[in-house]
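Visitor: When you get a sec, could you give me coordinates for this:
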Amino acid sequence: MIEVEVRGDIEHAIRILKKKLQLDGIKKEMKRREAYEKPCDKRRRKTAESRRKIRKLMFRMDRD
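Guide: Predicted coordinates:
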């Protein structure tokens, strides 16, 4: 559960909440679930995500 402490300025608290949602990936997940995703598109998205993760790990290992 994401919590944001409000100290007077509600707009500031909303900005902080949106930033936390974005960092946790919840905002992206909500947008993805708005519409139906065909199985072939789902497979394509998952393979692209896994390739991105592998590439990121390889880059981190090369850097160290």
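Visitor: What's the separation between the spatially most central residue of the chain and residue 13?
Guide: Per C-alpha atoms, centre = their mean, the C-alpha nearest to the average position across the chain is that of residue 25, at 2.1 Å. Residue 25 is 21 Å from residue 13, where distance means C-beta to C-beta, to the nearest Å. Where you see a C-beta, it was placed from the backbone N, CA and C, and this is true even at glycine.
Visitor: try residue 2
Guide: From residue 2 over to residue 13 the distance is 12 Å, taken as C-beta to C-beta.
Visitor: Pick out whichever of the two has more residues nearby.
Guide: Legend: neighbour count by other C-beta atoms under 10 Å for residue 2 and residue 13, higher for residue 13 (14 against 10).
Visitor: quick one: the strand or helix carrying that one to chain centroid distance?
Guide: Assigned by DSSP states H and E, residue 13 falls within helix 10-24. Relative to its chain's centre, helix 10-24 lies at 13 Å (C-alpha atoms, centre = their mean, to the nearest Å).
Visitor: Mind listing what's buried along it?
Guide: For helix 10-24, burial by neighbour count (16 or more other C-beta atoms under 10 Å) applies to residue 21.
Visitor: go on, stretch 28-42?
Guide: For stretch 28-42, using 16+ other C-beta under 10 Å, no residue counts as buried.
Visitor: Can you classify residue 3 by secondary structure?
Guide: coil (DSSP: H, G, I helix; E, B strand; the rest coil).
Visitor: For it, give its distance to residue 13.
Guide: 10 Å.
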